[in-house]
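**Student:** my questions concern the predicted model and sequence given below.
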Amino acid sequence: MKKLPILAVVLAVISVISAGACQEAPAVSSVPSALKAEHTAPVVEISHPAVQEIREKPLEHKAHTVKIETILQHPELPTGCESVSLAMVMNARGIPTSKTEIADQYMPTGDGFVTTFQGDPRSFSGMGIYPPGLVQTAEFYLRDKKSSMEAVDLTGMPLEDLFKLIDHDYPIVIWITGGLYPPSAVQGEGGRETYQGREYQWYNNIHCVVLSGYDTEKQTVTVNDPLSKDVKIYDAGQFGNVYNKTDRMAMTVI
């Protein structure tokens, strides 16, 4: 076996560490790539009637952004990017909530990352939660607040169809990677879970943000990141590629 130079090993380790979960992604909109990202995940049918109706229509605007007030996850929720992103969406949809209310009172915790938050979002060692669990969390919150709105799992939906939902003022909770680095899949039993016939892969550098806007002419997307007070503008092609490679996971409140 060929040995790597010590410097190369050190740089590789630094690269992995720098791509850790819940790390802010850099803006990369100066040189837009093609809007349509390469597809690495299958298109799925979303059964919610309102979503189906919106998907069947053409995109109505060349650009649109939903006004979102960014909530920062630190210092209270260092690994709570999912619940904080959901709180941003709830507030935008007219259902007031605080930074920690959803995480502390409605989000289930457990030993898995698909239907529960694995670990503690108030701890730096917390892991995270995927769309099925966050949809359930949102439903708990909506029912408790006597709201008629519904949480919808959008996993598998192409980025272009998410733009159609934004067109109708539905911001999207979306899973990407910290820094938009290539996904770092956890190998072995602890890195995969199966739920309702679908296999979910955990990524070391997974991160959750709110997709709040798009511009098809500039080929950019607008993102509210719970790690940054500034609204971010990203290259749509690069963002879409990362979204595809992390299995197209997303949800919203309709």
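**Tutor:** Received, thanks. Residues are numbered from 1 along each chain as shown.
**Student:** drop to CA atoms for contacts and neighbour counts, all remaining ones
**Tutor:** Fine.
**Student:** all helices for the chain, in order.
**Tutor:** Applying DSSP state H to the chain gives helices spanning 6-18, 49-56, 81-92, 101-105, 131-144, 159-167, 236-245.
**Student:** which stretch among the ones you listed comes nearest C208?
**Tutor:** In terms of C-alpha to C-alpha, the element of these nearest to C208 is helix 81-92, at 5.3 Å.
**Student:** for that closest one, which positions count as buried?
**Tutor:** For helix 81-92, burial by neighbour count (16 or more other C-alpha atoms under 10 Å) applies to 81-90, 92.
**Student:** returning to what we had before: make CSV out of the helices of the chain and add distance to V209.
**Tutor:** Putting those into CSV (distance: least, C-alpha to C-alpha, whole Å) gives the following:
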stretch, distance to V209
helix 6-18, 18
helix 49-56, 20
helix 81-92, 6
helix 101-105, 15
helix 131-144, 13
helix 159-167, 14
helix 236-245, 11
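**Student:** closest one to G179 among these?
**Tutor:** Between these, helix 6-18 lies closest to G179; by C-alpha to C-alpha that is 8.4 Å.
**Student:** T194 touches W202, doesn't it?
**Tutor:** No - the criterion here is C-alpha atoms under 8 Å, and T194 misses it with W202 at 11.3 Å.
**Student:** more neighbours: the two, which one.
**Tutor:** Legend: neighbour count by other C-alpha atoms under 10 Å for T194 and W202, higher for W202 (22 against 10).
**Student:** now do the contacts for that one.
**Tutor:** 113, 185-186, 191-192 (C-alpha atoms under 8 Å, 6 or more residues apart in numbering).
**Student:** who wins on neighbours among the residues you listed?
**Tutor:** F113 (24 neighbours).
**Student:** give me every residue that touches that one.
**Tutor:** 127-130, 133, 193, 202.
**Student:** between these, which is closest to L211?
**Tutor:** For these, the nearest to L211 is Y130 (16.1 Å; C-alpha to C-alpha).
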